[in-house]
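Q: Have a look at this fold, sequence not included:
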Ligand code: ADE
């Protein structure tokens, strides 16, 4: 999968996408993420990419021209399955959206800043608008990092044990069951006997019951 990201602060994406599982995914060539500084397409020598909003009001708006040129320029190199704008008023991101997007080949993600991007870009280029939650971030970069991470780990071969993503919370609308590791007794706090029993069928049933119980108490809306 190839993901291009247009941003005015590429540094914000470097660390989240440059370590751990996302790093490994890129080293294995299962995922390519390229950030593109919007200032390359600035309207003047001062690197201008934003301007005051019509009608007055505080806050700058990201201009049409740099964004249109960036999107059209990058679209010459590959055909995007989706051109995504990260925005708090987009559809709420969840596991089902991550699953859908993980099946695509080429994505372009646009990170907004300031007051957001000119509405005409949203109407004429953007195919999907995504929010990661009902709160406002300073820009779309951290949200884009969340989306790329959630998608990237689903790509076949990225996780060591591919099945482990299948048992993540939310994959079947259930939260994941509790997990334990050694020692079996820590300060008298014991690992449930069933997990030490070696009876795989009983363990599977216990985990399922725990998932249902956890979901019922913490997130009944998922059931
Ligand atoms: N940009 C600013 N806030 C955001 C949010 N909650 N989700 C996605 N993009 C954003």
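A: Noted; the coordinates are in hand. As the structure is a prediction and not an experimental result, all values here were calculated from the model.
Q: Residue 76 sits in which helix or strand?
A: Taking DSSP states H and E as the definition, residue 76 sits inside helix 64-77.
Q: Give me the residues contacting that helix.
A: For helix 64-77, contacts defined as Cβ atoms under 8 Å, 6 or more residues apart in numbering pick out 4, 6, 36, 38-43, 49, 80, 83, 108, 110, 117-118, 120-121, 124-125. The C-beta positions use only the backbone N, C-alpha and C, and glycine is treated the same way.
Q: Among these, name the ones in helices.
A: Within the contacts of helix 64-77, membership in helices is found for 120-121, 124, as judged by DSSP state H.
Q: now these in JSON lines, with distance to the ligand and pLDDT?
A: Below are these laid out as JSON lines (distance: Cβ to the nearest ligand atom, whole Å; pLDDT from 0 to 100):
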{"residue": "120", "distance to the ligand": "19", "pLDDT": "98"}
{"residue": "121", "distance to the ligand": "15", "pLDDT": "98"}
{"residue": "124", "distance to the ligand": "20", "pLDDT": "98"}
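Q: Quick check on those: which are buried?
A: When neighbours are counted using 16 or more other Cβ atoms under 10 Å, these contain these buried positions: residue 121.
Q: what residues are up against residue 140?
A: With contact taken as Cβ under 8 Å, 6+ apart, residue 140 is in contact with 7, 85-87, 109-113.
Q: Check the closest residue to residue 184 other than its chain neighbours and give its pLDDT.
A: Nearest in space to residue 184, with sequence neighbours left out and distances taken as Cβ to Cβ, 6 or more residues apart in numbering, is residue 191 at 4.8 Å. Residue-level confidence at residue 191 comes out at 98, pLDDT.
Q: Residue 191 and residue 179 touch, don't they?
A: No - counting by Cβ atoms under 8 Å, residue 191 stays clear of residue 179, with 9.9 Å between them.
Q: The two - which one has more neighbours?
A: More neighbours sit around residue 191 than around the other of residue 191 and residue 179, counting by other Cβ atoms under 10 Å; the figures are 16 against 9.
Q: Now do the longest helix along the chain: which elements does it pack against?
A: When secondary structure is assigned using DSSP H, the longest helix within the chain turns out to be helix 200-218. Packed against helix 200-218 by the contact rule (3 or more Cβ pairs under 8 Å, 6 or more residues apart in numbering; DSSP states H and E) you find helix 193-196.
Q: now what about the helix it packs on, what contacts it?
A: Applying Cβ under 8 Å, 6+ apart, the set of residues contacting helix 193-196 is 180, 184, 202-203, 206.
Q: Please, which helix or strand holds the residue nearest the centre of the chain?
A: To find the centre residue of the chain, average its C-alpha atoms and take the closest one (Cα atoms, centre = their mean): that gives residue 147, at 0.6 Å. In the assignment (DSSP H and E), residue 147 maps to helix 141-152.
Q: Thanks a lot, catch you later.
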